[in-house]
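Student: just coords:
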């Protein structure tokens, strides 16, 4: 798939086949991610990969609990409470892999650099026929010191982009895009 096709056809996939992703495939996606530019070439990223079905289920349940217990009613995330409260809700959508892009430093731009790496990863996934979805709801739980310790992440790492990856059951239609607001200067 050409790059421009991957850009135009990438979708947030929320339904996956149970087929396991092998390590070489995940390494290929991470290799694409680390080709991202970074401020003064710091490359401030690390990747946590979860492929174990039981561990994925645990992360989904723990993140759901955290949202329900810790997110204030006046938070913008509170609008997700009804869906998250449903015991059948799988925050990771049945994906066979979760790749968490973490900032390894607190340097200015580190989180932005990780977001660029995450986009590279998602575009690479689309290019090889995989779906992906950035799971922002999982980030508050992943950011807790206890959660990082449980997952074996360094305490100073900042989870930026929890991304599920797998073979989609179907490709979603495009939700469309608003026309860009452009200010031509000069």
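Tutor: Here it is on my side, so go on. Keep in mind it's a predicted model, so treat the numbers as computed, not measured.
Student: In its sheet, which strands sit next to the longest strand that the chain contains, and in what direction?
Tutor: Ranked by number of residues, the top strand in the chain under DSSP state E is strand 158-166. Within its sheet, strand 158-166 is paired with strand 97-103 (antiparallel), strand 131-134 (antiparallel), according to DSSP bridges.
Student: Switch those strands over to JSON lines; also include distance to residue 12, mean pLDDT and mean neighbour count.
Tutor: Backbone N, C-alpha and C define where each C-beta goes, glycine included. As requested, these are arranged in JSON lines below (distance: least, CB to CB, whole Å; pLDDT from 0 to 100; neighbours: other CB atoms under 10 Å):
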{"stretch": "strand 97-103", "distance to residue 12": "15", "mean pLDDT": "98", "mean neighbour count": "25"}
{"stretch": "strand 131-134", "distance to residue 12": "5", "mean pLDDT": "98", "mean neighbour count": "24"}
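Student: Turn these into TSV, columns for distance to residue 22.
Tutor: TSV is the format used below for the strands paired with strand 158-166 (distance: least, CB to CB, whole Å):
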stretch	distance to residue 22
strand 97-103	10
strand 131-134	16
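Student: and residue 184, which of those is closest to it?
Tutor: Nearest to residue 184 among those is strand 131-134 (30.9 Å), distances taken as CB to CB.
Student: Counting by contacts, list what the helix or strand following that closest one packs against.
Tutor: Using DSSP states H and E, the next helix or strand after strand 131-134 towards the C-terminus is helix 139-142. Counting contacts by 3 or more CB pairs under 8 Å, 6 or more residues apart in numbering; DSSP states H and E, helix 139-142 packs against helix 53-70, helix 145-151, strand 158-166.
Student: In a markdown table, list the ones you listed along with mean pLDDT and mean neighbour count.
Tutor: Formatted as a markdown table, these follow (pLDDT from 0 to 100; neighbours: other CB atoms under 10 Å):
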| stretch | mean pLDDT | mean neighbour count |
| --- | --- | --- |
| helix 53-70 | 95 | 16 |
| helix 145-151 | 96 | 14 |
| strand 158-166 | 98 | 25 |
